[in-house]
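Participant: the following comprises the amino acid sequence and a computationally predicted model.
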Amino acid sequence: YGFSSRQYECVLVGCVPIIIQDGVEMAFEDILPWHRFSVRLRLSDIPILPQLLARIPASHVARLRRGLGCVWPRMLWLAKGLYPRAVDDDATIARARPHDAFETTMWALRRRLSVEQNISWRAPVESCVEELGDDGDL
């Protein structure tokens, strides 16, 4: 119970994060549409966790994984030199690098400023979310 970096590890390997913590705010929640790529459950759901997970339709899991495909770079620090050369030179990482967690942090700061100044603002990942369609929450 408490803070964990497991959700980032899940995202890194393409797994849908399952968040079991009441009232927790996830990283960049004001920027990233967590409901589009994760499952949230209450602590009281733990005794029936296997049954709840088994009831999630495969089609919904596929949509959540597509959501991961849109947002994964925004949750990871991808600056060149942080990882072994094979990772740094990977084409997928190179394409994602401009949209990493540093960029997301800058967007979060921009959002705070726009709220303070009462300026209209749109999250940079909304175009990706629009492509996914609205499948609602579980």
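Facilitator: Arrived safely.
Participant: tell me what the biggest helix by length in the chain is packed against?
Facilitator: As assigned by DSSP state H, the longest helix anywhere in the chain is helix 58-75. If you count contacts as 3 or more C-beta pairs under 8 Å, 6 or more residues apart in numbering; DSSP states H and E, helix 58-75 packs onto helix 6-12, helix 101-116, helix 126-132. Heads up, the C-betas are built off the backbone N, CA and C, glycines and all.
Participant: out of those, which gets nearest to Phe28?
Facilitator: Nearest to Phe28 among the helices and strands packed on helix 58-75 is helix 101-116; the distance by C-beta to C-beta comes to 5.2 Å.
Participant: ok, back up a step: and the longest helix of the chain, which residues are buried?
Facilitator: Going by neighbour count (16 or more other C-beta atoms under 10 Å), the buried part of helix 58-75 is 60, 63-64, 66-68, 70-75.
Participant: any idea which of those the model trusts least?
Facilitator: On pLDDT alone, Cys70 ranks lowest of those, at 84.
Participant: how about the nearest residue to Ala108 once chain neighbours are set aside, phi and psi?
Facilitator: Nearest non-adjacent residue to Ala108, counting by C-beta to C-beta, 6 or more residues apart in numbering: Ile31, 5.6 Å away. Here is the backbone geometry of Ile31 (degrees, to the nearest 10): phi -110, psi -50.
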